[in-house]
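**Q** just coords:
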């Protein structure tokens, strides 16, 4: 076994201890002299297991955001942050786009279409693999509203207030004879076309839940 396999063992044992103590507490009668201590130990180990699970999720999110930062070319902000959580990645094949949803941010990227850029990346010494996506736009969840459109499983994202971190959103689609290079300015809607109604509904539900959480947190800060 590798050293990393041994190092992870103490962490892996916590959930096992948690299950063992829970089962022991369940089958210990109240009159037993160790009843209180067993229940106390079960409670503390359960809290520790939840804490480790939460920290593990934070680490996984940071690794995922680092991966996205290398996968998407030209992101103008620092994506990996301790207070940011990765929620979902959704390809939009009809638009040749991918939308990344975080707990406080929406990031949209598009597939590269320029053969010249592809050749440059393949010939580059510092490029170990071809980048698949380029940055399109990013929107703060707190300052964005999502509207369902009646046609083609679409959503419209619209900025509802100004932001110092997003004073201008620019679409950087590769130029080609068949693909124009539009620009999205602050306040102009950004449309996302999902594969089906179920996918749109799931994405919208996640977006609204996290937006609500962000706004509630902001309100609590104002009160304090």
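**A** On my side now, so go ahead. Worth saying up front: this structure is predicted, and the values here are computed from it rather than measured.
**Q** contacts and neighbour counts: CA atoms only from here.
**A** Fine.
**Q** Show me the strands in this structure, by range?
**A** Using DSSP state E, the strands of the chain run over 72-73, 86-92, 97-102, 105-111, 133-140, 144-148, 154-159, 190-193.
**Q** Would you check how far apart the residue nearest to residue 86 when sequence neighbours are not counted and residue 2 are?
**A** Of all residues not flanking residue 86 in the chain, residue 102 sits nearest, at 4.5 Å (CA to CA, 6 or more residues apart in numbering). From residue 102 over to residue 2 the distance is 34 Å, taken as CA to CA, to the nearest Å.
**Q** now do residue 103
**A** 36 Å.
**Q** The two: who's more crowded?
**A** residue 103 (22 against 6; other CA atoms under 10 Å).
**Q** ok, the more buried one touching residue 81?
**A** No: the pair residue 103 / residue 81 is not scored as a contact, 11.3 Å apart, by CA atoms under 8 Å.
**Q** in the chain, what secondary structure element scores lowest on mean pLDDT?
**A** helix 115-123 (a mean of 48; mean pLDDT, DSSP states H and E).
**Q** And the average pLDDT for the longest helix belonging to the chain is what?
**A** Criterion DSSP state H: the longest helix present in the chain is helix 35-71. Helix 35-71 shows a mean pLDDT of 91.
**Q** now swap in stretch 155-173 and tell me
**A** The predicted model assigns stretch 155-173 a mean pLDDT of 53.
**Q** residues contacting the residue nearest to the spatial centre of the chain?
**A** Centroid check for the chain by CA atoms, centre = their mean gives residue 86 as the closest residue, at 1.8 Å. With contact set as CA atoms under 8 Å, 6 or more residues apart in numbering, residue 86 has these partners: 61, 64-65, 100-103.
**Q** residue with max distance from the center of the chain?
**A** Within the chain, counting by CA atoms, centre = their mean, residue 31 lies farthest from the centre, at 49.0 Å.
**Q** if I look at it, how far off is residue 58?
**A** From residue 31 across to residue 58, the span is 42 Å (CA to CA).
**Q** cool, and residue 139?
**A** Residue 139 is 22 Å from residue 58, where distance means CA to CA.
**Q** show me what contacts the residue lying closest to residue 135 once chain neighbours are set aside?
**A** The shortest distance from residue 135 to any non-neighbouring residue, by CA to CA, 6+ apart, is to residue 109 (4.6 Å). By CA under 8 Å, 6+ apart, the contact set of residue 109 is 72, 97-99, 133-137.
**Q** can I get those residues in JSON lines with distance to residue 9 and neighbour count?
**A** Compiled in JSON lines, the contacts of residue 109 are given as follows (distance: CA to CA, whole Å; neighbours: other CA atoms under 10 Å):
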{"residue": "72", "distance to residue 9": "35", "neighbour count": "20"}
{"residue": "97", "distance to residue 9": "41", "neighbour count": "22"}
{"residue": "98", "distance to residue 9": "37", "neighbour count": "22"}
{"residue": "99", "distance to residue 9": "37", "neighbour count": "21"}
{"residue": "133", "distance to residue 9": "38", "neighbour count": "21"}
{"residue": "134", "distance to residue 9": "40", "neighbour count": "23"}
{"residue": "135", "distance to residue 9": "40", "neighbour count": "24"}
{"residue": "136", "distance to residue 9": "43", "neighbour count": "24"}
{"residue": "137", "distance to residue 9": "42", "neighbour count": "23"}
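**Q** of those residues, closest to residue 213?
**A** Nearest to residue 213 among the contacts of residue 109 is residue 99, at 20.2 Å by CA to CA.
**Q** and the closest residue to that closest one other than its chain neighbours, how far is that from residue 142?
**A** With CA to CA, 6+ apart as the criterion, residue 99 has its nearest non-adjacent residue at 4.5 Å, and that residue is residue 108. The gap separating residue 108 from residue 142 is 16 Å, by CA to CA.
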